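S.K.: Sequence first, predicted model second:
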Amino acid sequence: MELGPPGGAGPAEPGPRLRGLRGDDRAASAAWLSEASAGRRAPSVAAVLPAGGSGERMGVPTPKQFCPVLERPLISYTLQALERVCWIKDIVVAVTGENMEVMKGIVQRYQHKRISLVEAGVTRHRSIFNGLKALAEDQPNSKLCRPEVVIIHDAVRPFVEEDVLLKVAIAAKEHGAAGAIRPLVSTVISPSADGCLDHSLERTSHRASEMPQAFLFDVIYEAYQQCSDYDLEFGTECLQLALKYCHTKAKLVEGSPDLWKVTYKRDLYAAESIIKERISQQICILMDAKEDEEHVGRCLEEMLKKELNHVKVTSGALCHAGRDLQQIILEQCYNFVCVNVMTSDFEETRKLLNALEESNLSILYPVVVISVHFLDYKLVPFGQKMEHLMQIKEFAKEVKKRNILLCGLLIYYPQKLWETLLTNIRIFTGWGHWKGLHQLVELQKPSPGELRG
Ligand SMILES: Nc1ccn([C@@H]2O[C@H](COP(=O)(O)OP(=O)(O)OP(=O)(O)O)[C@@H](O)[C@H]2O)c(=O)n1
Ligand SMILES: O=P(O)(O)OC[C@@H](O)[C@@H](O)[C@@H](O)CO
């Protein structure tokens, strides 16, 4: 069942985005993507997310993939992580029939794209197999394209970045199979029949198998078609299926510490802390339509990118940027810089605040808005503009009731705008500043009763 635009719909943003990649990963991604732009067909890639489990070890009635983190279902963060990767054309999610409506609601609420839902199986392997069948085009009325490479990733591993997805996809294209691994945290032992230690494994010569994993589609689909019922029932390792049934030795790729799987309740608390940490690193820069020819926002974006993980710039009057803004709000960005060049008028900021209030975003987590006004002091009399800007104080008191912290920043510049930006960039990007701001807001946050009163 396709829910978002089917494969090939491409990413929400124009053109390939290499965000989140560094150094040689960026080069590899560029090479991978440039195959497409050079007229050669870049390998088509799809993803299968098994999300049909019951989460018994979590110990709560709700299956863990649907448990809220900052009042947003855990699976939505994983989908968001995969959607950031423009070269993954289709995302197939396997959910149980009883959770199909819940899943459809999440896709709609958070406007997830490129999503197709299939029925999960009674085991993880069977869920994955159902996802592969949907991609194999042997399903009636399927709009999904059979990919060359398929990524398999647990729906309860939300912290997956483009670099590791790219690494396993490229390795799978070359080797037929690839998987992320991590060093073992605890030593693995083998117990004897009488419940005593038989022997312990040499920890340094073993690794933990994590996700994502990637395969040439034909390899893993063939493996699942050959798979015994025993393996489908009790197996937990897709790489082993490729080896056992297709004699394909997976390439192992060192993954980051964030690839862990949410399994126990403590993992949800850890996930919430990590998401809060990441939120405090996300900034959206909004510029007014009359953007200065030096593209203030682009300058800011380039500088902010050196300091923070996710920076988005939306130009154009907010009324045109509204669609983008809604998407940004859905991605749960909580920090906004509204850039106004040569005006003390904060109408643009007011439009942003109205959009934020309508989105109810601020109920989840404090939102920080900085209304920045660049004024050339030779052209603008200080007194009159300062008086105008002081009105923002009253405005700030008003929006604080909605858990939005509004700050005004007036930058009088005597020289070229670029030098001014360089001088003031620390104001925006002082990581401690943003974090401090959120911690400040956290401290001042009214009690939930007050907030929702
Ligand atoms: N029949 C199943 C079982 C598991 N999964 C998915 O496989 C991933 C990893 O499995 P696991 O962590 O074991 O999830 P659960 O089986 O839900 O957890 P538990 O074993 O605690 O019940 C999860 O995204 C889970 O939803 C699935 O798609 N279909
Ligand atoms: O074993 P579980 O069902 O908890 O989770 C599946 C994991 O085993 C699997 O995601 C990785 O080990 C990689 O195969």
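M.R.: The structure has been received and is ready for your questions. Numbering: from 1, shown residues only. Ligands and ions are numbered 1, 2, ... in the order given.

S.K.: Quick check: Pro61 is in a helix.
M.R.: No - using DSSP: H, G, I helix; E, B strand; the rest coil, the secondary structure at Pro61 is coil, not a helix.

S.K.: Quick check: the gap between it and ligand 1.
M.R.: 12 Å (Cβ to the nearest ligand atom, to the nearest Å). Heads up, the C-betas are built off the backbone N, CA and C, glycines and all.

S.K.: quick one, phi psi at that residue?
M.R.: phi -60, psi -30 (degrees, to the nearest 10).

S.K.: For it, grab the count of nearby residues.
M.R.: Pro61 has 8 neighbours, counted by other Cβ atoms under 10 Å.

S.K.: Distance check, it against Gly52.
M.R.: Counting by Cβ to Cβ, to the nearest Å, the gap between Pro61 and Gly52 amounts to 16 Å.

S.K.: check contacts around Lys265.
M.R.: 58-60 (Cβ atoms under 8 Å, 6 or more residues apart in numbering).

S.K.: ok, of those, which come out buried?
M.R.: By neighbour count, with 16 or more other Cβ atoms under 10 Å, the contacts of Lys265 hold Met58 as buried.

S.K.: now the stretch 301-450 of the chain, which segments are flagged as low pLDDT?
M.R.: For the stretch 301-450 of the chain, the stretches flagged by pLDDT under 70 are 309, 315-324, 360, 362-364, 385, 414-450.

S.K.: can you give me the strands for it?
M.R.: 310-314, 335-341, 367-376, 404-413 (DSSP state E, counting those that start in this stretch).

S.K.: Determine the set of other helices and strands touching the last one.
M.R.: With contacts defined as 3 or more Cβ pairs under 8 Å, 6 or more residues apart in numbering; DSSP states H and E, the packing partners of strand 404-413 are helix 347-359, strand 367-376, helix 382-400, helix 417-429, helix 431-444.

S.K.: Touching the longest one from outside, list them.
M.R.: Spelled out, that is helix 382-400. Under Cβ under 8 Å, 6+ apart, the answer for helix 382-400 is 344-346, 349-350, 353, 357, 369, 371, 373, 375, 405-408, 410, 412, 444.

S.K.: what's the angle between it and strand 367-376?
M.R.: 170 degrees (axes from the mean of the first three to the mean of the last three Cα atoms, to 10 degrees).

S.K.: Same question for helix 382-400: list its buried residues.
M.R.: Buried residues in helix 382-400, defined by neighbour count with 16+ other Cβ under 10 Å: 385, 389, 392, 395-396, 399-400.

S.K.: any weak-confidence spans in the stretch 151-300 of the chain?
M.R.: 288-297.

S.K.: domain parsing for the protein?
M.R.: As assigned by automatic domain parsing, the chain contains the domains 2-274, 281-452.

S.K.: export those to JSON lines and tack on distance to ligand 2?
M.R.: As requested, the domains of the chain are exported to JSON lines (distance: least, Cβ to the nearest ligand atom, whole Å):
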{"stretch": "domain 2-274", "distance to ligand 2": "4"}
{"stretch": "domain 281-452", "distance to ligand 2": "25"}
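
S.K.: Tell me which residue lies nearest the centroid of this structure.
M.R.: Ala81 (3.0 Å; Cα atoms, centre = their mean).

S.K.: residues touching Val262, list them.
M.R.: Per Cβ under 8 Å, 6+ apart, neighbours of Val262: 58, 64, 74, 156-158, 268, 271.

S.K.: Keep only those that also lie close to ligand 1.
M.R.: Val156 (Cβ under 6 Å from any ligand atom).

S.K.: so which of the contacts of Val262 comes closest to Lys305?
M.R.: Within the contacts of Val262, the smallest distance to Lys305 is 22.6 Å, found for Pro158 (Cβ to Cβ).

S.K.: So what's the residue count around that closest one?
M.R.: Around Pro158 there are 25 residues (other Cβ under 10 Å).

S.K.: State the distance from it to Lys397.
M.R.: Distance from Pro158 to Lys397, by Cβ to Cβ: 36 Å.

S.K.: Same check on Met100?
M.R.: 46 Å.

S.K.: Next: Pro50.
M.R.: With Cβ to Cβ as the criterion, Pro50 and Lys397 are 49 Å apart.

S.K.: got it, and Ala172?
M.R.: Applying Cβ to Cβ to Ala172 and Lys397 gives a distance of 55 Å.

S.K.: now swap in Ser76 and tell me
M.R.: Counting by Cβ to Cβ, the gap from Ser76 to Lys397 is 33 Å.

S.K.: Contact partners for the residue of the chain found nearest ligand 1?
M.R.: Closest to ligand 1 within the chain is Gly53: 2.0 Å, counting by Cβ to the nearest ligand atom. For Gly53, the contacting residues are 63-65, 120, 124, 127, 156, by Cβ under 8 Å, 6+ apart.

S.K.: Look up phi and psi at it.
M.R.: Per degrees, to the nearest 10, the backbone of Gly53 is at phi -80, psi 170.

S.K.: per-residue pLDDT, it?
M.R.: You'll see Gly53 listed with a pLDDT of 98.

S.K.: do the same with the one 5 residues further on
M.R.: We have a pLDDT of 97 for Met58.

S.K.: swap in the one 5 residues further on?
M.R.: What the model reports as pLDDT for Pro63 is 98.

S.K.: How about it, nearest residue that isn't a chain neighbour?
M.R.: Gly55 (4.5 Å; Cβ to Cβ, 6 or more residues apart in numbering).

S.K.: ok, that neighbour to Asp267 distance?
M.R.: In terms of Cβ to Cβ, Gly55 sits 11 Å off from Asp267.

S.K.: do the same with Tyr365
M.R.: Distance from Tyr365 to Asp267, by Cβ to Cβ: 20 Å.

S.K.: Close to ligand 1: what parts of the stretch 201-350 of the chain are there?
M.R.: So the stretch 201-350 of the chain meets ligand 1 at 261, 263 (Cβ under 6 Å from any ligand atom).

S.K.: quick one, helices of the stretch 201-350 of the chain?
M.R.: Listed in chain order, the helices of the stretch 201-350 of the chain (DSSP state H, counting those that start in this stretch) span 217-226, 229-234, 238-246, 265-279, 296-305, 318-330, 347-359.

S.K.: how about the third one: buried residues?
M.R.: Neighbour counts using 16+ other Cβ under 10 Å place 238-246 of helix 238-246 among the buried residues.

S.K.: so which of those residues would you say is closest to Asn340?
M.R.: Distances from Asn340 to these, taken by Cβ to Cβ, are shortest for Cys238, at 52.1 Å.

S.K.: Pull the contacting residues for that closest one.
M.R.: Contacts of Cys238 (Cβ under 8 Å, 6+ apart): 125, 128, 152, 179, 213, 215, 220, 223.

S.K.: So which bits of the strand or helix carrying the fourth one are buried?
M.R.: To tie it back to what came earlier, the one meant is Gly179. Following DSSP states H and E, one finds Gly179 within strand 177-183. Buried residues in strand 177-183, counted by 16+ other Cβ under 10 Å: 177-182.
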